[in-house]
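In: when you get a sec, could you give me coordinates for this:
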Amino acid sequence: MHDSAILAWMLFFAQAFIQLLFMVRAVLRPHREPAARFAWVLVIALVPVVGVVAYVLFGEINLGRNRLASLRAALAKLPRADEVAGPSAEAALPDRFVPLFRVGQSVSYFAPVAGNRATLMPDSAAAIDAMVADIDAARESVHVLFYIWLGDGSGLKVADALRRAAARGVTCRAMADDVGSRAFIRSPHWRDLEKSGVKVAASLPVGNPLMRPFKGRIDMRNHRKIVVIDNAITYCGSQNCADAAFAVKARFAPWVDIMARFEGPVVRQNQHVFASNWMAQVNEDLGPLLAQPLAPAGPGFIAQVVATGAAVRYSAMPETFVSLMNAARRELVITTPYYVPDEPLQAALCASARRGVNTTIIFPKRNDSWIVAAASRSYYAELLEAGVQIHEYVGGLLHAKTLTLDGAMTLIGSANIDRRSFELNAENNILLHDAEFTDAVRARQQVFLEASQPVTRPQVAAYSRWRRLLNNSIAMLGPVL
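Out: Reported below is the predicted structural model:
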């Protein structure tokens, strides 16, 4: 046998061994659905080199040992999450809603606390203006964290307000995701913030992209949107620090978001989330901020921060959604830009409609990700058959992430109903029990509905064979996307 033939056989067996090694690793990986295991085994088997490289880059939920250790060390230094905002108000909840807050507490340990108030912002521009006004009125501290921060009108308004606050002696800390806000972090605007006295930090810095796969996945990102002012005011919702025109993806504009301004003990819970993110990245102890005495709780509703990410237990976000869906008795309304569910979540949404709950979900008609749009539409037929009402928003890219339940419960925040939010992103949401605020969110959902087109079973049945093949094929690969 020629040397070249021997070498070819050696390379073949080496490749086969590496393939087998990674296939076994994919099968043995904990916290993975059988469909995900099968999908990765198939990819590695059918496209040997590309499949192995893809698995190394994207096959495992790996924040990185050092990052995870830093985050856990930060959490260990901070006051206990279940005590940071005062005593639990679980006893004041209706019995049927107690389990929902228990699921939330099992995620990030924040207890449901009473005495909260909230105002729903009219639109994105009004939300930015309200944030700027609160920053301008700040006396002690301002903390901001955004996934995407752009150097546009809104982004610069917030940056200017931070500089003004720092100039009058307010302690300001600004954090942005190193990928989502890459251009802003590397712009003169970020350097100007630092020069003016604002403390700045990039969340989950990429560093050398060639070395990143060996230190943790590059696409595990901090998707949170948090503003905390004077330990007394916080903002939570879907809005990034950017104009609705969203220059980086202007052809999908306007981006239609939702943001709420909160006061009360729940602010301390969002402060805890910010502090843990900050301390994982910066050698600065924010524990004293969270140890300050709480103001006496006034009238207000019960709320709880539900913050998910790599440092909390597996499946936290989908379990939260499924619990809320299963609790619905009369009406369930959801808005989300991205819908790539796992099997239990799809089943829970269908079951909601089948037991007679008026179940509605609103998606954007035009999505900035054609892959996610195709995967989402592969689920339409089953949802419609179960009785779920599907609407597609035509007034821009509907980016609001909301859930209202029976006119009494609201979930608002940054989490989408897709695998990225479930497994990769750090997210923050607020779950609350209040008829008045839920009515306000439900009215906003109705505005979205009136600017949407219903999707019908005949329309979905009329999809061409090639379109159904594309949608279903992409959805089938959902576990590896």
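In: neighbours of P454, how many?
Out: 11 (other Cβ atoms under 10 Å). C-beta: built from backbone N, CA, C; applies to glycine.
In: list phi and psi for the residue nearest to it when sequence neighbours are not counted.
Out: Spatial nearest neighbour of P454, chain neighbours left out: H391 (5.5 Å); criterion: Cβ to Cβ, 6 or more residues apart in numbering. Per-residue torsions, H391: phi -130, psi 150 (degrees, to the nearest 10).
In: H391 and I430: what is the separation?
Out: Counting by Cβ to Cβ, to the nearest Å, the separation of H391 from I430 is 25 Å.
In: quick check, the residue nearest to P454 in contact with A451.
Out: No: H391 is beyond contact range of A451, at 9.2 Å (criterion: Cβ atoms under 8 Å).
In: so the two - more neighbours on which side?
Out: H391 (20 against 16).
In: would you mind measuring from C350 to N326?
Out: Applying Cβ to Cβ, the value for C350 to N326 is 12 Å.
In: let me fix that: V455
Out: Separation of V455 from N326 (Cβ to Cβ): 24 Å.
In: contact partners for the spatially closest residue to D152 that is not a sequence neighbour?
Out: The spatially closest residue to D152, leaving aside those adjacent along the chain, is D243, at 4.7 Å (Cβ to Cβ, 6+ apart). Residues in contact with D243 (Cβ atoms under 8 Å, 6 or more residues apart in numbering) are S124, A125, L150, D152, G153, S154, G155.
In: let's go with 6 Å and repeat that
Out: D152, G153, S154 (Cβ atoms under 6 Å, 6 or more residues apart in numbering).
In: so what does the one helix or strand the last one maps to touch, helix or strand wise?
Out: Under DSSP states H and E, the secondary-structure element containing S154 is helix 153-167. Where contact means 3 or more Cβ pairs under 6 Å, 6 or more residues apart in numbering; DSSP states H and E, helix 153-167 is packed against helix 124-137, strand 171-177.
In: buried stuff in the longest helix seen in the chain?
Out: Longest helix in the chain by number of residues (criterion: DSSP state H): helix 3-28. For helix 3-28, burial by neighbour count (16 or more other Cβ atoms under 10 Å) applies to Q19, F22, M23, A26.
In: average pLDDT for that helix?
Out: Averaged across helix 3-28, the pLDDT comes to 71.
In: following element in sequence after that helix, please.
Out: Going down the chain from helix 3-28, the next helix or strand is helix 34-46, by DSSP H and E.
In: how close does Q446 get to V333?
Out: 9 Å.
In: which SS state does V103 fall under?
Out: helix (DSSP: H, G, I helix; E, B strand; the rest coil).
In: and what about the closest residue to it other than its chain neighbours, helix, strand or coil?
Out: Closest residue to V103 apart from its sequence neighbours, by Cβ to Cβ, 6+ apart: S323 at 4.6 Å. Secondary structure assignment for S323 (three-state DSSP): helix.
In: S323: neighbour count?
Out: Neighbours of S323 under the rule other Cβ under 10 Å: 17.
In: that one reaches Q105, doesn't it?
Out: No: contact between S323 and Q105 fails when scored by Cβ atoms under 6 Å: they sit 11.7 Å apart.
In: what about the helices in the stretch 251-400 of the chain?
Out: All helices of the stretch 251-400 of the chain, identified by DSSP state H, counting those that start in this stretch, fall at 266-281, 287-291, 316-327, 343-354, 370-377, 380-386.
In: show me how this structure divides into domains.
Out: According to automatic domain parsing, the chain comprises the domains 3-58, 65-97+109-301, 316-480.
In: check contacts around the spatially most central residue of the chain.
Out: The chain has A415 as the residue nearest its centroid, 3.0 Å off, counting by Cα atoms, centre = their mean. Listed by Cβ under 6 Å, 6+ apart, the contact set of A415 reads M317, K401, S421, E427, N429.
In: what's the distance between the second one and Q281?
Out: In other words, K401. Distance check for K401 against Q281: by Cβ to Cβ, it reads 25 Å.
In: can you tell me, leaving aside adjacent residues, what's nearest to R217?
Out: Nearest residue to R217, sequence neighbours excluded (Cβ to Cβ, 6+ apart): N62, at 5.3 Å.
In: help me confirm that that neighbour is found in a helix?
Out: No: using three-state DSSP, the assignment for N62 is coil, not a helix.
In: thought it was touching I218?
Out: No: judged on Cβ under 6 Å, N62 makes no contact with I218 at a distance of 10.3 Å.
In: about what we covered before: so for Q446 and V333, which sits in the more crowded spot?
Out: When Q446 is set against V333 and neighbours are counted by other Cβ under 10 Å, the residue ahead is V333, at 22 against 12.
In: any idea how far Y393 is from that one?
Out: For V333 relative to Y393 (Cβ to Cβ), the value is 13 Å.
In: burial count for V394?
Out: Residues near V394, counting by other Cβ under 10 Å, number 12.
In: chain neighbours aside, what residue packs nearest to it?
Out: Nearest non-adjacent residue to V394, counting by Cβ to Cβ, 6+ apart: K365, 4.9 Å away.
In: on that earlier part again, just send the domains of the chain back as JSON lines, with distance to A310 too.
Out: Shown next, in JSON lines, are these (distance: least, Cβ to Cβ, whole Å):
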{"stretch": "domain 3-58", "distance to A310": "12"}
{"stretch": "domain 65-97+109-301", "distance to A310": "6"}
{"stretch": "domain 316-480", "distance to A310": "7"}
